[in-house]
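> here you go, sequence then predicted model.
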2 protein chains.
Amino acid sequence: MSLDDRKLEVLRAIVEDYVATQEPVGSKALVERHQLGVSPATVRNDMAVLEDEGYIRQPHTSAGRVPTDAGYRLFVDRLSRVKPLSPAERRAIERFLVGAVDLDDVVHRTVRLLAQLTRHVAVVQYPSLARSAVRHLELVPISTTRIMLVMIADTGRVEQRLVELPTPVPPGDVTELRRKVNEKLAGEKLADTPPLVQALVEESAPGRRSMMACLASVLLETLVERSEERLALAGTANLTRGSFLDFQGTLRPVLEALEEEVILLKLIGEVESSATRVRIGDENEIDNLRSTSVVSTGYGPGTTIVGGLGVLGPTRMDYPGTIATVRAVARYVGDLLAQN
Amino acid sequence: MSLDDRKLEVLRAIVEDYVATQEPVGSKALVERHQLGVSPATVRNDMAVLEDEGYIRQPHTSAGRVPTDAGYRLFVDRLSRVKPLSPAERRAIERFLVGAVDLDDVVHRTVRLLAQLTRHVAVVQYPSLARSAVRHLELVPISTTRIMLVMIADTGRVEQRLVELPTPVPPGDVTELRRKVNEKLAGEKLADTPPLVQALVEESAPGRRSMMACLASVLLETLVERSEERLALAGTANLTRGSFLDFQGTLRPVLEALEEEVILLKLIGEVESSATRVRIGDENEIDNLRSTSVVSTGYGPGTTIVGGLGVLGPTRMDYPGTIATVRAVARYVGDLLAQN
DNA sequence: ACTGGCACTCGCCAGAGCAGAGTGCCAAGC
DNA sequence: GCTTGGCACTCTGCTCTGGCGAGTGCCAGT
C-alpha cells in the first residue's frame, strides 16, 4: 500500500521530534507539538501502518516510536528540504577559512570547522594525488648517493621521499636530471605518468640507466602505486554527546574504525560527482559503523572533484542541517582551492 | 612516622592487585594472593596507616582500598623496577619499524606500535624544528610571483610554504638566490637562523631588497616563530578499555584535550633529557587530564633529543610495563633516526 | 474515515530485605 | 610491643515487590 500524505507527515514529525528530544515519541505528544488536525487515535493507526512498512519501531511494547534506518532514508529522500544556512554559520565558515597559509592549514581548519558546526566527527581528505597533476618535481641532493624527491602537485599537495641511489651521482647530473624529469612530467595528471616515467628510463643514457631506474621506481611507488591518501580527523569528542547510553556498546567499535585510514577513505573518498551522499546506519558497509550515519561530498576547485569530506554521527542526527553544512563547507573549500 | 618495609610491601601488593583486577582490594584477598607472612588483621592495621599517610583510600566505608595518586607515585619511585621487555615485544618493535620509508612513515608506525603495545593512547611528536638544523633550502618557482620554499631539516622533516613575491622574479635569479640562502643557512641550527636571515636581507643588492625581505619574513615565520610542531596520535579506542564506569564522566574531557595539539605538546614535548617522565593524575597541569597518567620520554639519534613521545592512560595502569615499553620504543626510534 | 473510550502491557522507580565483603577495635598471645 | 583471632558494625549491590504512568491496540459509535 502506498502511504498517503498524512502518514508521511506523521513520519516527518516523528523524525523531527525524535532528533530533537532523543526520546521515543508517542501519539499524544505528537498531536500536541504538531498541527496535524487529527486525534491521537488516528495518529496511532497511521503509526501502526508505518511500523508495518518498516519505517518506525517501538523499542519496547509500551513506549513511543523511533524511526528505523528506512524511516530516516525516506525522510531524507522525500520529506526534507536542505535547510539554508544561517548568516551566522556563513560568517563562521568565512572567518574560519580566511587566512589559511597553505594546504595543510586549509585542511586542518576545514576539519575543525566541520566538527564544530555539525557537532559530529569530521573527516577531510587531502586532495587526492590520483586526481592531481604534477606542477613541479624537485630533486635535492642530500649526499652523493641520496637525493630527496619533492613533488609539488597543482592541488597544493607536496610529497617527498628519499631516494637511495645505487652509485654516487655528481650534483651537476642532478640538475640535468631535474630538467629532464620536469620536461617530461610537469603538467601531467599523476594517473598518466607511469608510461612517461617508463619512457624516461628507456631514453636515458646507458650509463645512467640504473640510477634512473632506481629513481623511477621510487617515483612510481610514491606517486601512483602507494598513492598515499592523507586525511584529517576532528571532533571525536562529539561522539560522547547525546545519551551515551546509546553509545555504551558502540563507542568502542566506532573509535576503532576511525583509527583506520582505509576505512575513513572508503567513507568519504569514494566521490565521483559533487552530489552529497548520505549513508544511514545499516547502509554502511563497515560493520563497526552500522549504528552511525555518514554525510559526505566531494570538493574541488570549480566543478572538478579533488577529494572528499564529510561527517559521521549517530543515525539520529539533524539531516537537513548537517547536509547543508557539509555542502556549504565543501563549496567554500573548493573556492579557496580555485584561488590558487 | 616512616613506613616500614612491610607497609611498603602492602602498598605494592595493593597497587599490583588493583591494576590487575580493577577492583578495590581488601585485606583478606591480599594475604591470600601474596605471601606476606602475616594475618589479615595485621594488614588491616598497616592499611590504616597507609590511609592516614594518604597513599590509599576507600571508595566507601566497607570496600577495599584503592591507591591514591600519591600511592602510585610512591610505587613508581620506590617500589617498582622497570620490567625488562619480553622477547616477543622486542620482536614486535623491530618488525613494526623496519621498512619505514620516510619520516612520516616512521612517526606513524611508531605511534601505532606504542598504542598497540601499551594499549593506551599514544602520542609521538615529530622531530622539533627548534632542535633541528637546516640541511637544505630549496626554492621552486611556481609562477613569476610565487615560489615554493621547501626546507629539509637534518632530522628528516620537510616543511614547505608558498611565498608571494611583491614583484616578478626571473627564474635565473631564483637559482642565484637559492645558492646564497643555502650558503648562509645550511648546517645551522634553526634557532640560530634569525640573525643570519637578517644579514641576508642586508647584504642583498638594493634592487632585490624587497623581494628578499618578503622571503625572509616567510622563512622566519615558518621556521622559527610559528615553528610548527607536528604530532601523531593513535589508540584513542583504548580509552574505552577497562570499566567504562570510571570513564563515564571523564572520557569526554579527555577526548577534548586530545584534540588540542597545544595540550598534547605540553604533555610530551617538554623534554630536555632522555629521562622518562611520569605524571600521575593530579600532577597533570591540564584539568581535563587529572584522572589520567602520562608516561613520556624524549627520543633522538644518539644522546641528543629531537622530540618527545609517550602514552596516556588511566592512573590505574601498569607503570613498570608501560615505562619499559615507552623507553624501548624511544630508543629504537632514536636508532632509526641515527641511521639517516 | 475519524474519534473517544477502555483494557492491557511493560518499563521505571522506590522501598524492603538479604547476603557479602570489608572494616575497626579489643582482648589475648608470642 | 607487635601480632592475631574474634566480633560487631557498616555499607554496597542484588533481587523482589507493588504502584505508577505512558503508550498502545482494539472496538464501537458517529
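Now that the structure is in, tell me what you want to look at. Computed from a predicted structure; not experimentally measured. Residues are numbered from 1 along each chain as shown, chains lettered A, B, ... in the order given.
> hey, let's count contacts and neighbours off CA atoms from now on
Noted.
> so what's A:Arg131 up against?
A:Lys189, A:Leu190, A:Ala191, A:Ile305, A:Val306 (C-alpha atoms under 8 Å, 6 or more residues apart in numbering or on different chains).
> would you map the helices across chain A?
Remark: helices assigned in chain A by DSSP state H are A:5-21, A:27-33, A:40-52, A:69-74, A:87-97, A:103-118, A:171-185, A:193-203, A:209-220, A:244-248, A:251-259, A:261-269, A:319-339.
> of these, which is nearest DNA strand D?
With C-alpha to the nearest atom of the strand as the measure, helix A:27-33 is the member of the helices of chain A nearest DNA strand D (3.9 Å).
> the helices of chain A: which one's closest to B:Glu138?
helix A:171-185 (12.9 Å; C-alpha to C-alpha).
> re earlier: so which of the contacts of A:Arg131 wins on neighbours?
Of all the contacts of A:Arg131, the highest neighbour tally under other C-alpha atoms under 10 Å in any protein chain shown goes to A:Val306, namely 23 neighbours.
> what ranges in the stretch 151-300 of chain A fall below the confidence cut-off?
Low-confidence regions of the stretch 151-300 of chain A, defined by pLDDT under 70, span residues A:224-227, A:242-249.
> any residues of chain A in contact with DNA strand D? List them.
For chain A, the residues in contact with DNA strand D (C-alpha under 7 Å from any atom of the strand) are A:24-29, A:41, A:44-45, A:47-48, A:61-65.
> filter those residues down to the buried ones, PyMOL style.
A single PyMOL command is used to select the members of the residues of chain A next to DNA strand D judged buried by 16 or more other C-alpha atoms under 10 Å in any protein chain shown:
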select buried, chain A and resi 24+25+26+27+47+64+65
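> what is the lowest-pLDDT residue among the residues of chain A next to DNA strand D?
Across the residues of chain A next to DNA strand D, no position has a lower pLDDT than A:Ser62, which has 81.
> still on that earlier bit, can you put the contacts of A:Arg131 in JSON lines and add distance to chain B?
Below are the contacts of A:Arg131 laid out as JSON lines (distance: C-alpha to the nearest C-alpha, whole Å):
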{"residue": "A:Lys189", "distance to chain B": "17"}
{"residue": "A:Leu190", "distance to chain B": "18"}
{"residue": "A:Ala191", "distance to chain B": "21"}
{"residue": "A:Ile305", "distance to chain B": "22"}
{"residue": "A:Val306", "distance to chain B": "20"}
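> out of those residues, who's nearest A:Pro168?
A:Leu190 (28.5 Å).
> my guess is that closest one meets A:Leu129, correct?
Yes. Using C-alpha atoms under 8 Å as the test, A:Leu190 is close enough to A:Leu129 to be in contact (6.7 Å).
> re earlier: okay if I get the contacts of A:Arg131 as a markdown table plus distance to B:Leu289?
Compiled in a markdown table, the contacts of A:Arg131 are given as follows (distance: C-alpha to C-alpha, whole Å):
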| residue | distance to B:Leu289 |
| --- | --- |
| A:Lys189 | 47 |
| A:Leu190 | 45 |
| A:Ala191 | 46 |
| A:Ile305 | 41 |
| A:Val306 | 39 |
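> return only those of the residues you listed found close to DNA strand C.
Answer for these near DNA strand C: none qualify (C-alpha under 7 Å from any atom of the strand).
> B:Glu183 is nearest to which of the helices of chain A?
In terms of C-alpha to C-alpha, the element of these nearest to B:Glu183 is helix A:171-185, at 15.5 Å.
> is the closest one positioned near chain B?
No. Helix A:171-185 stays clear of chain B (C-alpha under 8 Å from any C-alpha of the partner chain), getting no nearer than 11.2 Å.
> you'd agree A:Ile147 is up against A:Glu164?
Yes. Between A:Ile147 and A:Glu164 there is a contact under C-alpha under 8 Å: 6.8 Å.
> the two - which one has more neighbours?
Set A:Ile147 next to A:Glu164 and count neighbours by other C-alpha under 10 Å: A:Ile147 wins out with 21 against 18.
> residues touching the more buried one, list them.
A:Ile147 makes contact with A:Leu139, A:Val140, A:Pro141, A:Leu162, A:Val163, A:Glu164, A:Leu165, according to C-alpha under 8 Å, 6+ apart.
> which of these fall in strands?
A:Leu139, A:Val140, A:Pro141, A:Leu162, A:Val163, A:Glu164 (DSSP state E).
> any idea how far A:Val181 is from the first one?
Going back to what we said before, that points to A:Leu139. Computed as C-alpha to C-alpha, to the nearest Å, the A:Leu139 to A:Val181 distance reads 9 Å.
> output the set of residues of chain A in proximity to chain B.
Contact residues (C-alpha under 8 Å from any C-alpha) of chain A with chain B: A:101-102, A:135-136, A:138, A:140, A:142, A:158, A:160-162, A:234-237, A:240, A:251-253, A:255-256, A:259.
> and the residue lying closest to A:Ile14 once chain neighbours are set aside, what are its bridge partners?
In space, and not counting its chain neighbours, A:Ile14 is closest to A:Val25: 6.4 Å by C-alpha to C-alpha, 6 or more residues apart in numbering or on different chains. For A:Val25, the beta-bridge assignment (DSSP bridges) gives partners A:Arg65.
> A:Val25 against A:Val19, yeah?
No. Assessed by C-alpha under 8 Å, A:Val25 is found out of contact with A:Val19, at 10.1 Å.
> could you export stretch A:183-194 as PDB, keeping only the C-alpha atoms?
Extracted in PDB, the C-alpha atoms of stretch A:183-194 (Å, rounded to 0.1, in the frame of the first residue of the first chain):
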ATOM      1  CA  GLU A 183      60.100  18.400 -19.000                       C
ATOM      2  CA  LYS A 184      58.500  15.000 -19.300                       C
ATOM      3  CA  LEU A 185      56.200  15.100 -16.300                       C
ATOM      4  CA  ALA A 186      55.200  18.600 -15.500                       C
ATOM      5  CA  GLY A 187      51.600  19.300 -16.100                       C
ATOM      6  CA  GLU A 188      50.700  15.700 -16.500                       C
ATOM      7  CA  LYS A 189      48.000  14.000 -14.500                       C
ATOM      8  CA  LEU A 190      49.600  11.700 -12.000                       C
ATOM      9  CA  ALA A 191      47.500   8.800 -13.200                       C
ATOM     10  CA  ASP A 192      49.000   9.300 -16.700                       C
ATOM     11  CA  THR A 193      52.600   9.200 -15.500                       C
ATOM     12  CA  PRO A 194      53.600   5.600 -15.400                       C
END
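> just the buried positions in it, please.
A:Leu185, A:Ala186, A:Glu188, A:Lys189, A:Leu190, A:Ala191, A:Thr193, A:Pro194.
> over to stretch A:282-298?
Taking 16+ other C-alpha under 10 Å as the neighbour-count basis, stretch A:282-298 is seen to contain the buried residues A:282-284, A:288-298.
> same list (those residues) but as CSV, adding distance to A:Ser80.
Below are the buried residues of stretch A:282-298 laid out as CSV (distance: C-alpha to C-alpha, whole Å):
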residue, distance to A:Ser80
A:Asp282, 21
A:Glu283, 19
A:Asn284, 21
A:Asn288, 28
A:Leu289, 24
A:Arg290, 23
A:Ser291, 21
A:Thr292, 19
A:Ser293, 16
A:Val294, 17
A:Val295, 15
A:Ser296, 17
A:Thr297, 18
A:Gly298, 21
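> A:Leu139 and A:Val181: which is more packed in?
A:Leu139 (22 against 18).
> ok, the more buried one - contacts?
A:Leu139 neighbours (C-alpha under 8 Å, 6+ apart): A:Ile147, A:Met148, A:Leu149, A:Val150, A:Val174, A:Thr175, A:Arg178.
> distance-wise, check the fifth one relative to A:Ile280.
Between A:Val174 and A:Ile280 the computed distance is 53 Å (C-alpha to C-alpha).
> out of these two, which sits in the more crowded spot?
Higher neighbour count among A:Val174 and A:Ile280: A:Ile280, with 27 against 16, using other C-alpha under 10 Å.
> surely that one meets A:Ser293?
Yes. Here A:Ile280 reaches A:Ser293: they are 4.4 Å apart, a contact under C-alpha under 8 Å.
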